[in-house]
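Undergrad: Let me see the structure of the following:
(chains A and B)
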Amino acid sequence: MSVMTLVQALNNAFDIKLAEDKNVVLYGEDVGFEGGVFRVTEGLQKKYGAERVFDTPLAESAIVGTAVGMAVSGLRPVVELQFDGFSYPAFDQIISHVSRMHNRTRGKYNVPVVIRFPYGGGINALEHHSESPEAFYAHIPGVKVVIPSTPHDAKGLMISAIESDDPVIFMEPKRIYRAIKQEVADEKFTIPIGKAKVLTEGTDVTVIAYGAMIRECQKALVMAKESGISAELIDLRTIYPIDKETIIRSVEKTGRMVIVAEAPSGFSVGAELIAIANEEAFLHLEAPPKRVMGFDTIVPLAKGEHFFMQTQEKIFYEIERTVKF
Amino acid sequence: MIFSDFDPKEDKIFRIIDNEGVTVNAESMPDISNETIIKAYKDMLFARTADNMAVSYQRQGRMFTYPPNIGQEAIAVAAGIIVKDNDWLVPAFREMGAWLAKGVSMKEIFLYYMGNEEGNNFKNANHMLPFAVPIGTQLLHAAGIGYTINYLKKEEAVFTFIGDGGTSEGDFAEALNFASVWKAPVIFTVQNNQYAISVPVKNQTKSKNIAIKSYAYGIPGIKVDGNDFFAMYSVYEQAREYTRAGNGPVLIEAYTYRKGAHTTSDDPSKYRSKEEELEWEKADPLARMKKFMDKKSLWNENEDELIEKYKNDIDQQFTEAENFTPYQLDDVFRYMYVDMPEDLKKQKAEYEKFLKWVEEKK
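TA: Next comes the predicted model:
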């Protein structure tokens, strides 16, 4: 075991896969020499060479489009898009090719690509650097979308993502890249894609979150406990395929649902979760499900961001209202 | 190399035979056997026959929208002769001669245009990607495959295609740039058939020609008479040799004319003149090749009989496509993922219940 940040845990996952499989290559803007703007790939070019860990010209569509070509010809590319808000030029490649090559060729070619990028707010970043576009990607048939919330999960899920024969969009909560340290096993391990995790068991309300919001939820749960509320906290871990079974089981038990995420609430993962509760656990619901999510606005710049971000107070406030409904 | 003799800056065009089939550039004539010349002509004739039949099937309502290749056969047929079995073919959707050379069957082409993804599987075509309908995106796949070839030290090359309209897409620029930076063994062909649906190439770019865009990426580019099989053959032969020698990609502008419609849903009489079409008729790739062969007395087959034979073969494959196993509900789901999510299995099961209800109601 070693104490690792999320950045170090991801780096460790890449190190393990690069050592194990010569078909794994890592690339993107500033990924090679510098090790990425967040240093997630630091030291890997030196260790594995510039043929396997490298910088590309600055073009996101090309970074993802060339990965499609590499994947169909036998490699397992792991590509970095530098920020959430810069992932959009690659959208066409993701929706038109990454997600559907396997279907279009009736299984002749698959696209084992990992597209990873830091997402979310809370770090006083520039414009276009604080976005949470998970719903865009989860809406695309043919890809899987993964978001870890701890160093341990980041390592296990990343190894699973690289080993996945299906394409994976891997979104990294940049706000907690270095904010959380945790004991992580040094050896290789995997965490299955598509399985949520119940972090805290409870009976009064189900709180569902992912990424950096887990930490805020945990703080809110302390406040809830002090108020005599027994909340169950679920970390989705995978946005798609979403773990309906774990969600339904919990909502059937508690009858109440609060969803916490940074993205705008309209047409979101939160909306999907409420649909699941309505379709699958309707008669168990004792209160309207609640989305504790961003406004349907642009993420404000740093001075206004606190209105947009979900805090422990806001989460607790909505938990209490839902329980008292 | 021929590329350096035909600098796109001077807007030169590389040509070996003229419209009358007369050799105008004997020193560039490739070393090519009579059998290959005859085969090339037959391949072009087959492609044209297949196109004519496809358009007619579409008109009969037996097939959906189809983009014919008519007028552009020399380009794809030349590429098809040069492309090796392990080379990659990354098509757009107007390169029939090359697909057939790679091992694609007419049955598959018909299946695809009847609306069945099974036609994109290309069972017997090694190293070939499916047709690419979004314009320009496939060029990046070609660049990525080129990276793999270098990385795994394979002896392969990539042949990829786009039209003149596609050169305005960002992916065109990105693909040429990445391939150049990576020295990827990719042969980029732009089939400049003068129109992107209705938009003439003069409204697509203010570059002197398309080949000149190669300058921006530090790679060789050449404008070739795309209706001259010998010129296309010669350029592909040299391009493959150049790129396999580790020099990186090349850009070929195949200057041609789409004699037919963009697709069967298009009516070119709305945006181009009869005079223009008649002018280009003189440069028809099959007619030119035929004149060349006649001068050398290379051709002594009965062309009408040959076309009949092709028609029978094509019609048989069309019938097979029409009688292909009907589309199953499972075909919608089974290839979405290698590892199918539980929820998709459930969506399918629920639809099956509905189908059962419909059945029972009868």
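Undergrad: how about the nearest residue to A:Asp235, chain neighbours excluded?
TA: Closest residue in space to A:Asp235, ignoring its immediate chain neighbours: A:Lys197 at 4.8 Å, by C-beta to C-beta, 6 or more residues apart in numbering or on different chains. C-beta here means a position set from N, CA and C on the backbone, and glycine is covered the same way.
Undergrad: actually B:Ala175, not the one I wrote
TA: Closest to B:Ala175 by C-beta to C-beta, 6+ apart is B:Leu139, at 3.5 Å.
Undergrad: my read: that neighbour touches B:Phe159, true?
TA: No: B:Leu139 lies out of contact with B:Phe159 (C-beta atoms under 8 Å); the separation is 11.5 Å.
Undergrad: where do the contact lists of these two overlap?
TA: Shared contacts of B:Leu139 and B:Phe159, defined by C-beta atoms under 8 Å, 6 or more residues apart in numbering or on different chains, comprise B:Val90.
Undergrad: between those two, which one's more packed in?
TA: The neighbour count for B:Leu139 versus B:Phe159, taken as other C-beta atoms under 10 Å in any protein chain shown, is higher for B:Leu139 (34 against 30).
Undergrad: hey, which helix is longest across chain B?
TA: Criterion DSSP state H: the longest helix present in chain B is helix B:34-59.
Undergrad: For the next helix or strand after that one, which outside residues touch it?
TA: For helix B:34-59, the following helix or strand on the C-terminal side (DSSP states H and E) is helix B:73-82. The contact list for helix B:73-82 (C-beta under 8 Å, 6+ apart) reads B:36, B:39-40, B:43-44, B:47-48, B:69, B:94-102, B:159, B:161, B:189, B:191, B:226-229, B:232-233, B:235-237, B:240, B:254, B:256, B:285-286, B:289.
Undergrad: Averaged pLDDT, helix B:73-82. What do you get?
TA: Averaged across helix B:73-82, pLDDT comes to 98.
Undergrad: what's near enough to touch the residue of the stretch 201-350 of chain B found nearest chain A?
TA: Nearest to chain A, among the residues of the stretch 201-350 of chain B, is B:Pro341, at 3.4 Å (C-beta to the nearest C-beta). Residues in contact with B:Pro341 (C-beta under 8 Å, 6+ apart) are A:Lys144, A:Gly194, A:Tyr240, A:Pro241.
Undergrad: any idea how far it lies from A:Lys244?
TA: 10 Å (C-beta to C-beta, to the nearest Å).
Undergrad: which residue sits closest to the residue sitting nearest the centre point of chain B, ignoring its sequence neighbours?
TA: The centroid of chain B falls nearest to B:Glu95 when counting by C-alpha atoms, centre = their mean (1.6 Å). In space, and not counting its chain neighbours, B:Glu95 is closest to B:Ala76: 4.1 Å by C-beta to C-beta, 6+ apart.
Undergrad: now swap in B:Val181 and tell me
TA: A:Pro57 (5.8 Å).
Undergrad: one step back: and the residue of the stretch 201-350 of chain B closest to chain A, what are its phi and psi?
TA: The phi/psi pair for B:Pro341 (degrees, to the nearest 10) reads phi -60, psi 150.
Undergrad: Quick check: what element follows the one helix or strand A:Ile276 maps to along the chain?
TA: Under the criterion of DSSP H and E, A:Ile276 resides in helix A:269-281. Of the helices and strands lying after helix A:269-281 in sequence (DSSP H and E), the nearest is strand A:290-294.
Undergrad: Buried residues in whatever helix or strand comes next after that next one, which are they?
TA: Later in the chain than strand A:290-294, the nearest helix or strand by DSSP H and E is helix A:305-308. By neighbour count on 16 or more other C-beta atoms under 10 Å in any protein chain shown, the buried set for helix A:305-308 is A:Glu305, A:Phe308.
Undergrad: So for helix A:305-308, mean pLDDT?
TA: 95.
Undergrad: same for the helix or strand just after it, what does it pack against?
TA: Next along the chain after helix A:305-308, taking DSSP H and E as the criterion, comes helix A:312-323. Contact here means 3 or more C-beta pairs under 8 Å, 6 or more residues apart in numbering or on different chains; DSSP states H and E; on that basis helix A:312-323 packs against strand A:205-209, helix A:213-226, strand A:257-264, strand A:290-294.
Undergrad: so which of these gets nearest chain B?
TA: The nearest among the helices and strands packed on helix A:312-323, by C-beta to the nearest C-beta, is strand A:205-209 at 16.5 Å.
Undergrad: what comes into contact with the closest one?
TA: The contact list for strand A:205-209, computed with C-beta under 8 Å, 6+ apart, reads A:149, A:196, A:216-217, A:220-221, A:224, A:229-236, A:247, A:250-251, A:253-254, A:256-261, A:273, A:315, A:319, A:322-323.
Undergrad: Now do that strand: distance to the chain's middle.
TA: The chain centre lies 17 Å from the centre of strand A:205-209; the measure is C-alpha atoms, centre = their mean, to the nearest Å.
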